[in-house]
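> The sequence and its predicted three-dimensional model are supplied below.
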Amino acid sequence: MKRFFENSLDLWLKQAKPLPLMLVGARQIGKTYLLQAFCNKNFEQQLYLNFAEIPGYKQFFTPSRNAAEIIGRMELFFNRRFDIEKTVFFFDEIQDCEEAIASLKYFVEASQNYRIVTAGSLLGVKINRLKTSFPVGKVQIEYLFPMDFEEFLRALGEAMLAEEIRRCFAGNEPLPAIIHEKALMLYRTYLCTGGMPANVLHFVENQRDLVTFNRQISTDILTGYLADMAKYAGETNAVKIHHVFHSIPAQLAKENAKFMYKLVENGGNREKLQTAIDWLLQANMALQSTKIELPQIPLMAYKSNNNFKLYISDTGLLTSLSQIKFNDIMHAHDWIYRGFLTENFVAQTLNTHKHNLYFWNSANRAEIDFVLDTEDGIIPVEVKASGNVRAKSLGVYVEKYKPAYAIRISARNFGFANGIKSIPLYAVHCI
């Protein structure tokens with residue numbers, strides 16, 4: 001998220017000799033914008049290289065393994081001298097220049113204090129496919145995600161509401177009914193727009209009017225994702241990746257959202273499709289939640305790799321991919337997509353706040369949507385799309401494993417009763 005990343009940048013700036021900073025995230029979530037704003041604010045000089053726009057820039061990095069020689073070539077090409085103490089070097093779309101990635105090691109080992117920031121849309125994919133070794137321990141990696149609901153509120157000028165939600169979460173104090181309904185309506189609006197900056201900006205500039213909201217923005221982002229598949233994965237793999245990605249809404253819409261290979265293609269299985277799934281995860285286009293057999297620390301030791309769910313990294317993109325009408329989200333009380341859209345929103349928000357995604361079920365008799373490893377121990381999280389919270393699954397889990405408390409996310413207001421912390425849908429980011 002933007003504010004947490006900005007905190008990381010402030011700390012990076014204060015270091016005497018910071019490691020090169022690498023910003024990882026899906027395309028069009030604001031990586032370049034944030035880094036350029038940071039560079040403009042904090043440095044007198046900046047050199048910006050975009051390897052996707054000008055592939056020839058990679059020649060600066062070959063064949064030299066010396067940082068000073070690399071910078072010397074840049075100075076000759078751009079006909080300018082760089083004051084290293086006052087200059088930041090910004091390598092954008094660095095996934096298109098493997099030589100630049102490898103060179104980060106040389107900048108760290110140089111005697112001079114080079115300040116390097118980098119960004120790229122598919123760095124997760126590229127890092128796992130480098131022909132040369134990745135400079136492990138020589139790079140500070142940060143992750144950027146779509147805007148969460150709290151950032152969405154602040155973008156809309158609703159900072160007072162955002163602060164009140166956090167206060168009520170901490171004290172288990174319900175919001176006044178009229179404010180609760182307002183927050184729920186804004187939450188439903190977020191399901192429509194999602195947290196991609198271009199969508200949020202358009203919504204704000206369009207006077208917060210969903211009727212005239214341009215859904216083509218999401219379509220264009222999805223088209224860009226598909227173009228990346230073809231460019232970086234190869235034609236054959238791109239087809240499989242495309243099929244997996246477009247199957248996610250149907251996978252989530254099932255009563256049991258466990259990922260099923262056969263829904264992707266006839267005869268689909270793990271061997272045929274796992275590479276495509278890994279690509280989507282590494283590209284930050286999809287999120288994976290894995291079943292755990294036993295809710296004990298460490299959860300990773302009890303996960304079942306063959307039983308998992310996939311989510312889209314931004315709920316607004318899922319809404320677009322599923323072609324759900326905004327009116328159905330904002331006003332309908334009972335619609336088929338409500339459950340999986342809500343679950344995707346919760347998964348996206350928990351992932352943004354660095355919670356590993358796990359779920360639990362017991363012989364198909366009971367299922368807990370998310371299981372979190374917290375300071376209070378392993379906490380079960382039940383997700384409900386409406387105010388109807390009747391369900392036996394949470395009771396089954398609590399009776400069997402006796403957690404310190406349980407969390408129920410729903411359209412109900414804040415509260416705490418019978419060992420269950422009630423969290424409204426608009427406050428998931430507080431967890």
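Perfect, I can see it now.

> where does Tyr187 land in three-state SS?
When classified by DSSP: H, G, I helix; E, B strand; the rest coil, Tyr187 comes out as helix.

> Ser247 versus that one, what's the distance?
Relative to Ser247, Tyr187 is positioned 27 Å away (criterion: CB to CB, to the nearest Å). (Each C-beta comes from the backbone N, C-alpha and C, glycine too.)

> before we move on, what about Val108?
Counting by CB to CB, the gap from Val108 to Ser247 is 42 Å.

> residues making contact with the worst-scoring helix or strand of the chain on mean pLDDT?
Across the helices and strands of the chain, mean confidence by mean pLDDT, DSSP states H and E is lowest for helix 123-127: a mean of 75. Among residues not part of helix 123-127, those counted as contacts by CB atoms under 8 Å, 6 or more residues apart in numbering are 22, 24, 94-95, 98, 101, 120, 134, 232-233, 279, 281-284.

> Residue ranges of each domain in this protein, please.
Domain assignment for the chain, taken from automatic domain parsing, gives 2-143, 216-430.

> Dump these to a markdown table, plus distance to Ala159 and mean neighbour count.
Compiled in a markdown table, those are given as follows (distance: least, CB to CB, whole Å; neighbours: other CB atoms under 10 Å):
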| stretch | distance to Ala159 | mean neighbour count |
| --- | --- | --- |
| domain 2-143 | 12 | 17 |
| domain 216-430 | 14 | 18 |
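
> which one of the ones you listed lies closest to Asn172?
With CB to CB, the closest approach to Asn172 among the domains of the chain belongs to domain 216-430: 4.1 Å.

> So what's the gap between that closest one and the chain middle?
In this view, domain 216-430 has its centroid 13 Å away from the chain centroid, taken as CA atoms, centre = their mean, to the nearest Å.

> before we move on, what about stretch 144-156?
Here the centre of mass of C-alpha atoms in stretch 144-156, compared against the chain's by CA atoms, centre = their mean, lies 12 Å away.

> what bits of the stretch 1-150 of the chain have low per-residue confidence?
Residues of the stretch 1-150 of the chain meeting the criterion pLDDT under 70: 1-4, 128, 131.

> Let's see that with 90 instead.
Along the stretch 1-150 of the chain, segments meeting pLDDT under 90 span 1-10, 25-28, 62-65, 120-137.

> from memory Ser410 sits against Pro424, does it?
Yes: with contact defined as CB atoms under 8 Å, Ser410 reaches Pro424; the gap is 7.2 Å.

> now, which of the contacts of helix 123-127 sits nearest Lys400?
Top of the list for closeness to Lys400, among those and by CB to CB, is Leu281 at 30.8 Å.

> can you pull the contacts of that closest one?
Shown in contact with Leu281 (CB under 8 Å, 6+ apart): Gly124, Leu287, Gln288.

> Where does the last one sit: helix, strand or coil?
This points to Gln288. Applying three-state DSSP to Gln288 yields a three-state assignment of strand.

> Just the pLDDT for it.
We have a pLDDT of 98 for Gln288.

> which strand residues sit across from it in the sheet?
Following DSSP bridges, Gln288 is listed with bridge partners Leu310.

> residue ranges for the strands of the stretch 301-431 of the chain, please.
With strands called from DSSP state E, counting those that start in this stretch, the stretch 301-431 of the chain shows them at 303-312, 358-362, 366-368, 370-374, 377-383, 406-410, 415-417, 420-424.

> Might you list the low-confidence residue ranges for the stretch 251-400 of the chain?
Screening the stretch 251-400 of the chain residue by residue with the criterion pLDDT under 90, one finds the ranges 254-257, 305-306, 331-338, 362-366, 385-393.

> now the helices for it?
In the stretch 251-400 of the chain, the segments counted as helices under DSSP state H, counting those that start in this stretch are 270-282, 315-321, 326-331, 338-352, 393-401.

> Using PDB, write down the CA coordinates of the helix or strand Ile71 falls within.
With elements taken from DSSP states H and E, the one containing Ile71 is helix 67-78. What follows is helix 67-78 as a C-alpha-only set of coordinates in PDB (Å, rounded to 0.1, in the frame of the first residue of the first chain):
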ATOM      1  CA  ALA A  67      29.700   0.500 -11.400                       C
ATOM      2  CA  ALA A  68      31.900   3.500 -12.300                       C
ATOM      3  CA  GLU A  69      32.200   2.300 -15.900                       C
ATOM      4  CA  ILE A  70      28.400   1.900 -16.200                       C
ATOM      5  CA  ILE A  71      27.800   5.400 -14.900                       C
ATOM      6  CA  GLY A  72      30.600   6.700 -17.200                       C
ATOM      7  CA  ARG A  73      28.800   5.400 -20.300                       C
ATOM      8  CA  MET A  74      25.600   7.100 -19.100                       C
ATOM      9  CA  GLU A  75      27.400  10.300 -18.700                       C
ATOM     10  CA  LEU A  76      28.900  10.200 -22.200                       C
ATOM     11  CA  PHE A  77      25.600   9.200 -23.700                       C
ATOM     12  CA  PHE A  78      23.500  12.000 -22.000                       C
END
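
> Relative to Thr118, how far out is the spatially most central residue of the chain?
Against the mean C-alpha coordinate of the chain, by CA atoms, centre = their mean, the closest residue is Phe145 at 3.7 Å. Remark: distance between Phe145 and Thr118 (CB to CB) = 18 Å.

> would you say Phe145 is within a strand?
No: counting by three-state DSSP, Phe145 is not found in a strand; it is coil.

> Identify the residues contacting it.
Phe145 neighbours (CB under 8 Å, 6+ apart): Met1, Gly25, Ile29, Gly195, Asn284, Ser313, Gln348, Asn351, Thr352.

> next one: His180
By CB under 8 Å, 6+ apart, His180 lies in contact with Pro174, Asn413, Pro424.

> same thing with Asn113?
The neighbourhood of Asn113, defined by CB under 8 Å, 6+ apart, consists of Ala16, Lys17, Ile84, Glu85.
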